[in-house]
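Student: Sequence and predicted structure below; questions after.
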Amino acid sequence: MAARLQQILAKAKAAAEPLYASLRTQAVKQYDTLMTSNARYVVKDEDAADKLLKQWFFTRMSRCEPQGST
């Protein structure tokens, strides 16, 4: 029983590997294209990059109205 299960798993792995490789290749190509076309939005300054998440979060929070304040 265990030997049969190992055979099935080996066949499934062999069938899935080409699909995985193809999908991985396509994903890497799309990532590279996306990052190349949006390179102008990448922040090079470490201090500015560290502030970005906080700026985004608190900017969004400032747009929310607290419940009950009318």
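Tutor: Happy to help now that I have it.

Student: Now do the helices in the protein.
Tutor: Secondary structure of the chain by DSSP state H: the helices cover 2-37, 46-62.

Student: can you redo those as JSON lines with mean neighbour count?
Tutor: Glycine gets a C-beta too; all of them are placed from N, C-alpha and C. Compiled in JSON lines, the helices of the chain are given as follows (neighbours: other Cβ atoms under 10 Å):
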{"stretch": "helix 2-37", "mean neighbour count": "10"}
{"stretch": "helix 46-62", "mean neighbour count": "9"}
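
Student: could those helices go into a markdown table alongside mean pLDDT?
Tutor: Formatted as a markdown table, these follow (pLDDT from 0 to 100):
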| stretch | mean pLDDT |
| --- | --- |
| helix 2-37 | 95 |
| helix 46-62 | 92 |
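
Student: do you know how far residue 24 is from residue 17?
Tutor: 10 Å (Cβ to Cβ, to the nearest Å).

Student: Using CSV, write out every CA atom in stretch 21-36.
Tutor: This file holds the C-alpha atoms of stretch 21-36, laid out as CSV (Å, rounded to 0.1, in the frame of the first residue of the first chain):
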residue,chain,number,x,y,z
ALA,A,21,8.6,25.4,-14.1
SER,A,22,6.5,27.0,-16.8
LEU,A,23,4.4,29.0,-14.3
ARG,A,24,7.6,30.1,-12.4
THR,A,25,9.2,31.3,-15.6
GLN,A,26,6.1,33.3,-16.5
ALA,A,27,5.8,34.8,-13.0
VAL,A,28,9.5,35.9,-13.0
LYS,A,29,9.0,37.5,-16.5
GLN,A,30,5.9,39.3,-15.3
TYR,A,31,7.7,40.5,-12.1
ASP,A,32,10.7,41.7,-14.1
THR,A,33,8.4,43.6,-16.5
LEU,A,34,6.4,45.1,-13.7
MET,A,35,9.4,46.3,-11.8
THR,A,36,11.1,47.7,-14.9
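
Student: chain center to it, what's the gap?
Tutor: Relative to its chain's centre, stretch 21-36 lies at 12 Å (Cα atoms, centre = their mean, to the nearest Å).

Student: Residue nearest the middle of the protein, spatially speaking?
Tutor: residue 31 (9.3 Å; Cα atoms, centre = their mean).
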